[in-house]
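Enquirer: Return a 3D structure for these sequence lines:
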Amino acid sequence: MGRDLGRWMGTARVGWVVMLALLVAACSSGPGEADMKEAMDRLFRQEVDTYNAKVKEENKRLGRAKFAEKSYPVIAQLKKIDCVRPDSKPGYICYFEMSLDGMQQKRPGRFYVEGGSWVYARP
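Expert: Numbers count the residues shown, from 1 in each chain. Sure thing, here's the model as predicted:
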């Protein structure tokens, strides 16, 4: 019985090590494509909302609609190429391809977690 228990504990230990290795690997790979798209959508919406608020204010000040408001950009597709941890800043520098308003682009960007959500920071 002691031998069986020892064998079981050895197997359990190996299982824990494998599980921890998988968790560490998952955490070290950076954000997923859905996380990246959501973070970028959030930033683009904030930027457009800020711009449109300034346009409304300026048009009101002028008494006419001189400046047009912008619409939200559309990320139709995003493909993560790679993410690496930078030495100097938190998060990951990720390289990706995306279709933004119908135009294919390749670009890098920094992604980090803040308040439980991924955040996109322009390079």
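
Enquirer: ok, the longest strand belonging to the chain: who's next to it in the sheet?
Expert: Assignment by DSSP state E gives strand 103-114 as the longest strand of the chain. Next to strand 103-114 in the sheet, as set by DSSP bridges, lie strand 92-100 (antiparallel), strand 117-121 (antiparallel).

Enquirer: for the residue nearest to the spatial centre of the chain, helix, strand, or coil?
Expert: The chain has residue 36 as the residue nearest its centroid, 2.8 Å off, counting by CA atoms, centre = their mean. Using DSSP: H, G, I helix; E, B strand; the rest coil, the structure places residue 36 in helix.

Enquirer: Confidence-wise, which helix or strand of the protein is lowest on average?
Expert: Here the helix or strand of the chain ranked lowest by mean pLDDT, DSSP states H and E is helix 2-28, holding a mean of 52.

Enquirer: Wait, residue 73 touches residue 46, no?
Expert: No. Assessed by CB atoms under 8 Å, residue 73 is found out of contact with residue 46, at 11.9 Å. C-beta: built from backbone N, CA, C; applies to glycine.

Enquirer: For these two, indicate the residue with more neighbours.
Expert: Neighbour tally, residue 73 and residue 46, criterion other CB atoms under 10 Å: the higher count belongs to residue 73, 14 against 10.

Enquirer: Alpha carbons only: can I get stretch 69-83 in PDB?
Expert: The C-alpha coordinates for stretch 69-83 follow below in PDB (Å, rounded to 0.1, in the frame of the first residue of the first chain):
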ATOM      1  CA  GLU A  69     -17.700  64.200 -36.800                       C
ATOM      2  CA  LYS A  70     -15.900  61.000 -37.400                       C
ATOM      3  CA  SER A  71     -17.400  57.500 -37.300                       C
ATOM      4  CA  TYR A  72     -15.900  54.700 -35.300                       C
ATOM      5  CA  PRO A  73     -13.200  52.700 -37.200                       C
ATOM      6  CA  VAL A  74     -14.000  49.100 -37.900                       C
ATOM      7  CA  ILE A  75     -11.500  46.300 -37.200                       C
ATOM      8  CA  ALA A  76     -12.900  43.600 -39.500                       C
ATOM      9  CA  GLN A  77     -10.000  41.200 -38.900                       C
ATOM     10  CA  LEU A  78      -7.000  40.900 -36.600                       C
ATOM     11  CA  LYS A  79      -4.300  38.300 -36.700                       C
ATOM     12  CA  LYS A  80      -1.700  38.100 -33.900                       C
ATOM     13  CA  ILE A  81       1.800  37.400 -35.300                       C
ATOM     14  CA  ASP A  82       3.900  37.400 -32.100                       C
ATOM     15  CA  CYS A  83       4.200  39.100 -28.700                       C
END
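
Enquirer: Please consider this matter closed, and thank you.
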